[in-house]
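> Following is a predicted model, sequence given first.
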2 protein chains.
Amino acid sequence: MTTAYEVLIAFERETGALAQVAGRLGWDQETVMPRGAAAQRGDEMAAMESVLHARRADPRVGEWLAAAEAADGLGEVERANLRHIRRAYDRAVKVPSRLASEIARVTSVAQGTWAEARAADDFAAFAPTLREVLRLKREEGAALSDGGDVYDALLQDYEPGATAAQLTDMFGAMRPRLTRLIDQVRGAEAPAALSGTFDEAAQMALTARIAQTFGYDTTRGRLDKAVHPFSSGSGNDVRITTRTSLTDPFNCLYSTIHETGHASYEQAIAQEYLFTPLGQGVSMGVHESQSRIYENQLGRSRAFTSWLHGQMEEAFGPLGLPDAEAFYRTVNRVHEGYIRTEADELQYNLHVLLRFDLERALISGELEVDDLEDAWNARFQRDFGFAVDRPSNGVLQDVHWSVGLFGYFPTYSLGNVYAGCLHEALREAVPDLDTQLASGDLSGATGWLRENVQRHGGLYEPRETIIRATGKEPSEEPLMRYLETKFGNLYGLD
Amino acid sequence: MTTAYEVLIAFERETGALAQVAGRLGWDQETVMPRGAAAQRGDEMAAMESVLHARRADPRVGEWLAAAEAADGLGEVERANLRHIRRAYDRAVKVPSRLASEIARVTSVAQGTWAEARAADDFAAFAPTLREVLRLKREEGAALSDGGDVYDALLQDYEPGATAAQLTDMFGAMRPRLTRLIDQVRGAEAPAALSGTFDEAAQMALTARIAQTFGYDTTRGRLDKAVHPFSSGSGNDVRITTRTSLTDPFNCLYSTIHETGHASYEQAIAQEYLFTPLGQGVSMGVHESQSRIYENQLGRSRAFTSWLHGQMEEAFGPLGLPDAEAFYRTVNRVHEGYIRTEADELQYNLHVLLRFDLERALISGELEVDDLEDAWNARFQRDFGFAVDRPSNGVLQDVHWSVGLFGYFPTYSLGNVYAGCLHEALREAVPDLDTQLASGDLSGATGWLRENVQRHGGLYEPRETIIRATGKEPSEEPLMRYLETKFGNLYGLD
């Protein structure tokens, strides 16, 4: 006899397979799709979304769920699957389908409006659209919140279990330490930047080798060039993209290492979870913890860059830097800039904290769209010490709000915080880590992450995933200590 | 107020978009998919098929159809759409879903069994599976036939309106003329084959230019390498693949020209038909008429090969042939061989006629699987004049029957017959065609085909499509005259 749980999981696996197909379509669009196919592709994506939405809100799921939850003797995996499915189903039925389609319709147009406004450096051209998106997201948050905090309700889509209060405490402790550190770094002598040009085919060849060095399995993925670096897919088909810049090879290399972190997480999840709710990274924050620890704590470490220095000189010839130590300083060079995605390890979190505070105020109604540009610019001046010169370098720089992603930004910094916690635990578990990294051997580090974080997929809740790996409650302290030590040392602040 | 027709067409457009997505997945699998993703991809394809099947057999389609058909004042496009939807819906509901899933299940495994049996040259290893597929296809044909001819019922999936009786007459008239001509050619002196090796990157560069020469729009498609040449997709995203052989550049070039014929057909269909039943080639036979006229009547003509000769010498250096006339003879060299897909223009149809007669006998029960290998070998010896040496060169060479494609083979030769009819009409409409072809100008030919055949998509029934383009009832006579004249001349048989 087939149990309700088995019927439900078979249905979910099929939904998961369809979601993977929709993801493949997104990859196709960014890498190989002929440009004339763009309009038609919109219809194809919409058709897939419509199928997926109908399945997620299918009333039979509610019936199977109720029956499965009432059954005795469920194991850990079964309970975890039911928890995920329950959360997704309740979410789907709480939002009236009228509202869901309105959000889909408005945000699909809003992205184009945002892109045009950004190109024209004209926030006023985007404001009416953003007001509309915000109105709908407030309504959605209210429908999801059961009378609780509206922002918290939206946050659950990206970081189940997290609360704005918790994040506010964490980020509040980080902000003064970050601004103080950045102030000090600004006062010190800056390391040299790379100069010259770097063959783009050689960049791609080197970056492909480095992805494999970090454990990326190319028999179950592939690496291509695209305008934006991204990772997509799950299980045995997880693809990454990177980009090249003739004058900045670090853009290519560190984008690749970052995406390798995301992709390795997906590739490492236990095969038996494939296409079930457990078969993907458990949250945006935990996902980002993997990409960030690969990119920063490992990839930008003194030990690893000493090895990378040799690889780059082999690939491109002399870099014009005296030694590996100078190369390490160049890799970790702190530079002024307006753009989050181009920010260094130190300033990145300040960008996120700014957006987190503004979007909470937007959702609660303390801030309205009309006042957003001024609020952004004032906060930026305060935290970064210089003024935003134009909207495309300020309030218009990110796509997120235009497509309704409220509650997503904080997961970037939460990921950095989690990376800090994991890095501390990793160093305890692998005492000779630096010796390994200095010889280009990442297997100790990535093996530990695979075993302690990645293979579990969605089995444990996000916070619990980190606690199980580190043996401790997550805190910003390890990340802040790491940053203060690293940049204090780099900039001679001791 | 929305009419039943509008509701139905909106639903069909969504189904069409989903079918395009499934097609893109197939392209992905053959070109860019990492090899480790194969098993997972099977689940993804199955999930898409399950969604598509449910939509095609959705009872609401029956209701919308009945209401739409009863409405007054339908135009030509509306009536054509309803005709296609009615045919597909009736087909979907006539086949019990138990039988449909059994066919899907058995054929998905059977392809692997066939591939293994072919590799092992062991027909007995495939026979039990083929018996099972045949049993199911007989049952499906019976369900579809309403008591009429079972083979005819299966044929409708590929060539609506065609009948086995009609094809038997046509093919019966062709067979003796083909075997006589081949006998004569075998007695004459054979032209030289190409010798040497041909840079594969240069083959790809040349073949890409030639695809564009034949009108392929690469802003709405792309050309990649794959194990098997194919064309896939519709509307503004129609992709082709080709392959290269170091010693045989014609394999690459003529595969590309063939697939360009298929792809150009899809690209030329009126944009307003996109994702509706009219938005794709109307039948396998008409589709093949386009690929074959591009490949053979145009691509292997004396006029076009005189231009191609120059292009190839530019790409690869001297070919070791005295002149363009010798090159023309080499391109059209008739060679002995067992394999349909490698057969020349002359022998190809004999391969198809053999399969058509055998599969009709299999479906009717006159022939059983146990006697199939003997029947194949005897017929091959009779028609080709030499014996099959092993099953992989005989009864095991084609994948079609393993995946349940009974009724598909004859559309290859019907396509050749249609290409013959269209070629005759094209020569009347474009009197200086050879002058154009000799200068590498295909626009007169492809423009005429686009205007008279391709743009209509599924608007007219297959046979009617050809009649409208040529002004005549289709017949094998133009094809046979063309072959007898061309090869008589080439081999000095006059």
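Here it is on my side, so go on.
> need the strands for chain A, in chain order.
A:223-225, A:231-232, A:239-242 (DSSP state E).
> now those strands in CSV, with mean pLDDT?
As requested, these are exported to CSV (pLDDT from 0 to 100):
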stretch, mean pLDDT
strand A:223-225, 97
strand A:231-232, 97
strand A:239-242, 98
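> most tightly surrounded among these?
Highest mean neighbour count of the strands of chain A: strand A:239-242, a mean of 26 (counted as mean count of other CB atoms under 10 Å in any protein chain shown). (Glycine included, C-beta is placed from N, CA and C.)
> For it, name the packing helices and strands.
Contact here means 3 or more CB pairs under 8 Å, 6 or more residues apart in numbering or on different chains; DSSP states H and E; on that basis strand A:239-242 packs against helix A:4-31, helix A:200-213, strand A:223-225, strand A:231-232, helix A:249-268.
> give me that answer again for 7 Å
helix A:4-31, strand A:223-225, helix A:249-268 (3 or more CB pairs under 7 Å, 6 or more residues apart in numbering or on different chains; DSSP states H and E).
> Turn those into TSV, including distance to chain B.
As requested, those are arranged in TSV below (distance: least, CB to the nearest CB, whole Å):
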stretch	distance to chain B
helix A:4-31	4
strand A:223-225	8
helix A:249-268	9
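> Now tabulate those in a markdown table and tack on distance to B:His309.
What follows is the helices and strands packed on strand A:239-242, written out as a markdown table (distance: least, CB to CB, whole Å):
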| stretch | distance to B:His309 |
| --- | --- |
| helix A:4-31 | 37 |
| strand A:223-225 | 37 |
| helix A:249-268 | 44 |
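> For B:Gln184, find the nearest of the ones you listed.
Taking CB to CB as the criterion, B:Gln184 comes closest to helix A:4-31 out of the helices and strands packed on strand A:239-242, the separation being 50.7 Å.
> which parts of the closest one are buried?
In terms of neighbour count (16 or more other CB atoms under 10 Å in any protein chain shown), helix A:4-31 has its buried residues at A:4-5, A:8-9, A:11-31.
> same question, stretch A:174-189
Going by neighbour count (16+ other CB under 10 Å), the buried part of stretch A:174-189 is A:174, A:178-179, A:181-182, A:185.
> Next: stretch A:76-88.
Quick answer for stretch A:76-88 (16+ other CB under 10 Å): A:77-78, A:80-86, A:88.
> and what of stretch A:214-222?
Taking 16+ other CB under 10 Å as the basis for neighbour counts, the residues of stretch A:214-222 that come out buried are A:214-217, A:220-222.
> From these, pick the one nearest chain B.
A:Arg220 (3.8 Å; CB to the nearest CB).
> Nearest residue to the closest one in space, please, no chain neighbours.
Spatial nearest neighbour of A:Arg220, chain neighbours left out: B:Gly36 (3.8 Å); criterion: CB to CB, 6 or more residues apart in numbering or on different chains.
> Find me the pLDDT at the one you found, would you?
At B:Gly36 the predicted local confidence, pLDDT, stands at 94.
> now swap in A:Val109 and tell me
In this prediction, A:Val109 has a pLDDT value of 88.
> Also the one 10 residues further on?
Among the per-residue scores, A:Ala119 holds a pLDDT of 96.
> which residue sits closest to it, ignoring its sequence neighbours?
Taking CB to CB, 6+ apart, and ignoring the residues beside it in sequence, A:Ala119 has A:Ser392 as its nearest neighbour in space, at 7.5 Å.
> So what's the residue count around the one you found?
A count of nearby residues for A:Ser392, using other CB atoms under 10 Å in any protein chain shown, gives 18.
> Over to A:Asp323?
When neighbours are counted by other CB under 10 Å, A:Asp323 registers 9.
> Retrieve the pLDDT associated with it.
At A:Asp323, the pLDDT value in this model is 96.
> Would you mind giving the strands of chain A as a markdown table with distance to B:Gly62 added?
Rendered in a markdown table, the data for those read as follows (distance: least, CB to CB, whole Å):
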| stretch | distance to B:Gly62 |
| --- | --- |
| strand A:223-225 | 44 |
| strand A:231-232 | 38 |
| strand A:239-242 | 41 |
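> what's the spacing between A:Met55 and chain B?
Actually, residue A:55 is Arg rather than Met. Between A:Arg55 and chain B the distance, using CB to the nearest CB, to the nearest Å, works out to 9 Å.
> In contact with that residue: list those residues for me.
Shown here is A:Arg55, whose contacts under the criterion CB atoms under 7 Å, 6 or more residues apart in numbering or on different chains are A:Thr15.
> rerun that using 10 Å as the cut-off
A:11-12, A:14-15, A:18-19, A:61, A:92, B:51 (CB atoms under 10 Å, 6 or more residues apart in numbering or on different chains).
> next one: A:Arg98
Applying CB under 10 Å, 6+ apart, no residues contact A:Arg98.
> One more: A:Gly16?
A:9, A:234-235, A:273-280, B:43-44, B:47 are the contacts of A:Gly16 under CB under 10 Å, 6+ apart.
> Now go through those residues and say which are in helices.
Cross-referencing the contacts of A:Gly16 against helices under DSSP state H gives A:9, B:43-44, B:47.
> which one of the strands of chain A lies closest to B:Val453?
With CB to CB as the criterion, B:Val453 lies closest to strand A:223-225 of those, at 37.0 Å.
> what's the closest one in contact with?
With CB under 10 Å, 6+ apart as the test, strand A:223-225 has contacts from A:27, A:30-32, A:200, A:203-204, A:207-208, A:211-212, A:216, A:239-244, A:252, A:256, A:259-260, A:263, B:32.
> try 6 Å
Strand A:223-225 is contacted by residues A:31, A:208, A:211, A:240-241 when judged by CB atoms under 6 Å, 6 or more residues apart in numbering or on different chains.
> now swap in stretch A:138-149 and tell me
For stretch A:138-149, the external contacting residues (CB under 6 Å, 6+ apart) are A:94-95, A:150, A:153-154.
> now these: which count as buried?
Taking 16+ other CB under 10 Å as the criterion, what is buried in those is A:95, A:150, A:153-154.
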